[in-house]
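# take this sequence and fold it.
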Amino acid sequence: MALIDLARERRSIRRFRRDPISDEDLRYILEVAHYAPSGANRQPWRFVIVKDPNLKKRIREICEEIEREFYKHVPEWFRNFARERGISWRKPHLEEAPVLIHVFGYRRSPHWKESVWLMIGYLLLAAAEKGYATLTYTPSDTRWANEFFNVPENWGLETIINIGYPAQEPSYPGRLELSEICYENSWGIKYFKE
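As a prediction, the model looks like this:
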């Protein structure tokens, strides 16, 4: 499949089948991701991969406790946004997905955040190429993860990537047209005249 097709077809999924992912596929996905460019080539990312059902259950419990508190304080527009998409403080995907990849970023590295998220883009497309669905989920408070995984203090959890086969049909949230987002020489002058 061409890269444009992978990008066009990839969707975030919140319900996963429990079918396992082969270590060969997982290695391929991470291999692709680790070739992403990074500021000063520091590669400021590390992965903690969790397949163990007991660990996934505990991670879900921690995250749901954090999210329950978070949802008490969100503005009304966010509540409506989440409700329309079936999103809540409940996170069953953390147990359902056969693999959770916890992505940590080294916060003292130049352009670490940009580098980590660029790498995540590579990872998502590699997973799509192998036929897997993904979800990037970032708890509203990630401080628990360092102690939980014994991670050094200058590293921080950036996101948890759920990977597996979808247990639901993906929805298509729509995209802006290129003519709406690409400008020529100055803001507002359309580059594409579609």
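# going forward, measure contacts between C-alpha atoms and count neighbours the same way
Fine.
# partner strands of the top strand by length along the chain, parallel or antiparallel?
If you go by DSSP state E, the chain has its longest strand at strand 155-164. Partners of strand 155-164 in the sheet, by DSSP bridges, are strand 99-106 (antiparallel), strand 133-137 (antiparallel).
# the closest residue in space to Arg42 that isn't next to it in sequence: how many residues sit nearby?
Spatially, and ignoring its direct neighbours in sequence, Arg42 is nearest to Ser109 (6.9 Å; Cα to Cα, 6 or more residues apart in numbering). Ser109 has 19 neighbouring residues, counting by other Cα atoms under 10 Å.
# what's the answer for Leu135, then?
That count, for Leu135 with other Cα under 10 Å as the rule, works out to 22.
# who does it form a beta bridge with?
Asn162.
# ok, so what distance separates it from Pro170?
11 Å (Cα to Cα, to the nearest Å).
# name the nearest residue to the residue nearest the centre of the chain, ignoring sequence neighbours.
When Cα atoms, centre = their mean is applied to the chain, the residue found nearest the centroid is Thr136 (1.9 Å). Distances taken as Cα to Cα, 6+ apart place Ile161 nearest to Thr136, at 4.6 Å, with adjacent residues excluded.
# any idea which element Pro77 lies in?
That one is not Pro; residue 77 is Trp. Assigned by DSSP states H and E, Trp77 falls within helix 76-84.
# next one: the residue nearest to the centre of the chain relative to Ser179, how far apart?
From Thr136 to Ser179 the distance is 28 Å (Cα to Cα).
# I'd guess Pro20 is in a helix, am I close?
No: counting by DSSP: H, G, I helix; E, B strand; the rest coil, one finds Pro20 to be coil, located in no helix.
# is the closest residue to His34 other than its chain neighbours in a helix, a strand, or coil?
Nearest non-adjacent residue to His34, counting by Cα to Cα, 6+ apart: Met119, 6.8 Å away. Put simply, Met119 is helix when judged by three-state DSSP.
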